[in-house]
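Asks: sequence plus the predicted model coming up.
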Amino acid sequence: MEIHNNVTEFIFMGLWGNRYIELLLFFFFLLCYLAVLMGNFIILLTITCSHLIEQPMYYFLCHLSLMDVCYTSTVVPRLIRDLAAARKNISYAKCMTQLFTLHLLAGVEIFILVCMALDRYVAIVKPLHYMVIMNRKRCHMLIAMAWLLGFWHSIALLLMVLSLPFCGPNQINHYFCDVKPLLKLVCKDIHVVSILVIANQGMVVVSTFLVMVSYILILYNLRTRSSAGRRKALSTCSSHIMVVVLFFVPCIYIYVLPAGSENKDKEVSVFYTVIVPMLNPLIYTLRNTEMKLALRKVWSLLSHSEFK
């Protein structure tokens, strides 16, 4: 069946209609984006320049920081530009590219968080076999699988959207190209498509379930240990649990609810596209003794080399 598509570009309605508020948000998001770049760059530099890169947990954290930078960079620079621009337009091709890239990188990030939960499970439940099970080859394989699953998720979503007709209007009630606001512009019945999109987005729910199972098994295993042993084991998990909650709760809120429902998608999206990537480096650094020690060591070495 031929697809009738009269739309060559989309126009974002943005976060707020008020011009003065948008100018304030311009400076706010600019500072947030700089914080994301700086924080995650520090994490990447600290891990790659220290012995921590040899540990599976920090190997995954390195990839998580890289995903945070790439993922945020698909949305925030355009958002900053649009906040200062009079007309917030994006071509159809660029919109589809943003949709694909955003879901690819977000998908990879979600599966990396699952890998990190699996890593903590093995470290606490099977500590004697930890380095054998979580060897470097297996870590590479898990990252490759994360990219493969992320690609499958995003390409399925993209092909689904490309098959839909857009006849006008072309105003997206959002600040980036995402599935739900685009579905509202489709000029045909989207009941079946909405179900398919929710099924595709079910990866978020499945991933959350896998993370929850990992931590339930960890807590079950810790019941026989001493209080000191429990504290030590849980201290390594607390940062990851915090990041998982901050990332997954907004994602579930947005992608599990049907496309036609009236909710605060735009406002909630800011949380996982800007705020969480900005907070991740702080959470993993301030709540982790090993990271703090490595951070001091790496930056003291760098400062000494500068003065020589």
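Replies: The structure has been received and is ready for your questions.
Asks: only C-alpha atoms for contact and neighbour calcs from this point on.
Replies: Will do.
Asks: quick one: the strands in the chain?
Replies: 9-12, 89-91, 171-172 (DSSP state E).
Asks: just name the most buried of these.
Replies: strand 171-172 (a mean of 20; mean count of other C-alpha atoms under 10 Å).
Asks: give me the pLDDT for T97.
Replies: Confidence at T97, expressed as pLDDT, is 94.
Asks: with L246 instead?
Replies: 85.
Asks: nearest residue to it in space, ignoring adjacent ones along the chain?
Replies: Nearest non-adjacent residue to L246, counting by C-alpha to C-alpha, 6 or more residues apart in numbering: V276, 6.5 Å away.
Asks: and N173, by the same measure?
Replies: Excluding the flanking residues, the one nearest N173 by C-alpha to C-alpha, 6+ apart is M13, at 5.1 Å.
Asks: follow-up on the earlier one: ok, the residue nearest to L246 - how many residues close by?
Replies: Counted with other C-alpha atoms under 10 Å, residues neighbouring V276 total 19.
Asks: I figured it hits F247, correct?
Replies: Yes. Counting by C-alpha atoms under 8 Å, V276 touches F247, with 6.6 Å between them.
Asks: redo the strands of the chain as TSV? Include mean pLDDT and distance to T289.
Replies: Below are those laid out as TSV (pLDDT from 0 to 100; distance: least, C-alpha to C-alpha, whole Å):
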stretch	mean pLDDT	distance to T289
strand 9-12	88	43
strand 89-91	90	45
strand 171-172	88	45
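Asks: ok, back up a step: touching, the residue nearest to N173 and A86? I think so.
Replies: No. Between M13 and A86 there is no contact under C-alpha under 8 Å: 11.1 Å.
Asks: who has more neighbours, these two?
Replies: A direct count of neighbours by other C-alpha under 10 Å for M13 and A86 places M13 higher, at 17 against 9.
Asks: what residues are up against the more buried one?
Replies: Counting by C-alpha atoms under 8 Å, 6 or more residues apart in numbering, M13 makes contact with K88, Q171, I172, N173, H174, Y175.
Asks: M116: which of the residues you listed is nearest?
Replies: M116 lies nearest to Y175 out of the contacts of M13, by C-alpha to C-alpha, at 30.6 Å.
Asks: show me what contacts the nearest residue to that closest one once chain neighbours are set aside?
Replies: Among residues not flanking Y175 along the chain, G14 sits closest, at 4.6 Å (C-alpha to C-alpha, 6+ apart). By C-alpha under 8 Å, 6+ apart, the residues touching G14 are D82, L83, K88, N173, H174, Y175.
Asks: same list (these) but as CSV, adding neighbour count, distance to S50 and pLDDT.
Replies: Below are those laid out as CSV (neighbours: other C-alpha atoms under 10 Å; distance: C-alpha to C-alpha, whole Å; pLDDT from 0 to 100):
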residue, neighbour count, distance to S50, pLDDT
D82, 20, 39, 88
L83, 23, 40, 87
K88, 19, 44, 86
N173, 19, 45, 86
H174, 20, 41, 88
Y175, 25, 39, 88
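Asks: tabulate those residues (JSON lines), appending distance to A123.
Replies: Putting the contacts of G14 into JSON lines (distance: C-alpha to C-alpha, whole Å) gives the following:
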{"residue": "D82", "distance to A123": "45"}
{"residue": "L83", "distance to A123": "45"}
{"residue": "K88", "distance to A123": "48"}
{"residue": "N173", "distance to A123": "45"}
{"residue": "H174", "distance to A123": "42"}
{"residue": "Y175", "distance to A123": "41"}
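Asks: closest to I254 out of these?
Replies: H174 (12.6 Å).
Asks: quick check: the gap between that closest one and V270.
Replies: 11 Å (C-alpha to C-alpha, to the nearest Å).
Asks: what does Y121 give?
Replies: Y121 sits 31 Å away from V270, taking C-alpha to C-alpha as the criterion.
Asks: of these two, which one has the most company?
Replies: Shown here are Y121 and V270; by other C-alpha under 10 Å, Y121 has more neighbours (23 against 17).
Asks: wait, N280 touches V243, no?
Replies: Yes. The criterion here is C-alpha under 8 Å, and N280 meets it with V243 at 6.6 Å.
Asks: hmm, who's touching stretch 177-188?
Replies: 95-96, 98-99, 157, 161, 164-174, 190, 194, 255, 259-260.
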